[in-house]
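> sequence and predicted structure are below.
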Amino acid sequence: MSAIPVVIDIRPTIGALFCGVIAASVFYGVTILQTIFYFQTYPNDKTFLRIMVLVVWALDTLDLLLVVNGLWTWSIANFANPLALLELPWSIKTEPVVTATISTTVQLFMAYRIRTSGYFLSSATSMYTDDRTAFLKVNQRLTPIAAIVGVVTFFSWALGLYATIHGFTTGGSVEDVDQALRWADIGANVSAAALDVTITITLCLQLYFSNQGFETFPR
């Protein structure tokens with residue numbers, strides 16, 4: 001009696017990860033172009049800005065390498081070994097905290113811009129005392145929003161750190177880990193989306209209400 005072959009459909013798991021890696025690689029290429037464009041276009045920016053851009057690019061590179069390593073471990077190094085699909089590679093366990101660090105770095109910078117943009121706008125229109133005073137008042141009103149963004153950002157980073165620690169310290173299959181961390185995943189995604197919307201709306205409103213000052217900006 002011949003053995004019945006075991007057929008495992010990996011399209012919803014490894015297949016989805018494979019498609020995700022392809023998409024991430026495309027966007028990573030865009031990130032490289034943006035990084036090169038930034039350093040060529042703004043060579044006189046402050047040192048901390050240039051360092052932050054390099055840090056974000058390096059973290060983005062590391063994030064992609066971690067996901068590629070996880071895909072390699074599952075599909076190449078453990079080819080025809082379905083039991084390997086039950087365990088998370090170390091790279092996949094590390095990836096949440098790296099992703100959270102990228103988001104935290106960018107969102108903290110945007111919170112800084114919300115807090116200081118009123119100052120920059122008022123400096124550009126410093127010849128008009130009324131405009132400068134109005135911008136400074138806007139800047140003061142936006143300080144609580146910047147503070148809230150900073151607090152929620154660290155909350156999202158803490159969830160990413162927790163997911164990584166949980167992955168390394170708790171055993172179980174991929175499904176078990178996914179079930180255990182679903183609440184953290186949902187919380188991190190919801191808070192990140194809420195922050196992105198808040199930051200975008202706040203910056204757009206700042207630009208909208210300061211449109212009178214654009215006439216005096218240096219070309």
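Structure received.
> wait, isn't residue 99 in contact with residue 160?
Yes - applying CB atoms under 8 Å, one finds residue 99 in contact with residue 160, separated by 6.3 Å. C-beta here means a position set from N, CA and C on the backbone, and glycine is covered the same way.
> quick one: average confidence on stretch 34-53?
Average pLDDT, stretch 34-53: 92.
> what is the end-to-end distance of that stretch?
In terms of CA to CA, to the nearest Å, the two terminal residues of stretch 34-53 are separated by 10 Å.
> now stretch 72-85
12 Å.
> show me which residues of it are buried.
Judged by neighbour count (16 or more other CB atoms under 10 Å), stretch 72-85 contains these buried residues: 73, 74, 75, 85.
> show me where the chain has its helices.
Assigned helices in the chain, in chain order: 16-41, 47-72, 90-124, 129-169, 174-180, 182-209 (criterion: DSSP state H).
> and the pLDDT at residue 73?
So residue 73 comes in at 89 (pLDDT).
> for the nearest residue to it once chain neighbours are set aside, phi and psi?
Nearest-residue entry for residue 73: residue 89, 4.1 Å, with adjacent residues in sequence omitted and distances by CB to CB, 6 or more residues apart in numbering. Residue 89 has phi and psi values of phi -60, psi 160 when expressed as degrees, to the nearest 10.
> gap between residue 89 and residue 148?
Residue 89 is 36 Å from residue 148, where distance means CB to CB, to the nearest Å.
> what about those two, which has more around it?
residue 89 (20 against 13; other CB atoms under 10 Å).
> then stretch 96-105 to PDB, C-alphas only?
What follows is stretch 96-105, C-alpha atoms only, in PDB (Å, rounded to 0.1, in the frame of the first residue of the first chain):
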ATOM      1  CA  PRO A  96       8.200  43.900  14.700                       C
ATOM      2  CA  VAL A  97      10.500  46.000  16.900                       C
ATOM      3  CA  VAL A  98      12.500  47.200  13.800                       C
ATOM      4  CA  THR A  99       9.300  48.300  12.100                       C
ATOM      5  CA  ALA A 100       8.000  50.000  15.200                       C
ATOM      6  CA  THR A 101      11.300  51.900  15.600                       C
ATOM      7  CA  ILE A 102      11.000  53.200  12.000                       C
ATOM      8  CA  SER A 103       7.500  54.400  12.600                       C
ATOM      9  CA  THR A 104       8.500  55.900  16.000                       C
ATOM     10  CA  THR A 105      11.400  57.800  14.500                       C
END
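> noted, bye for now.
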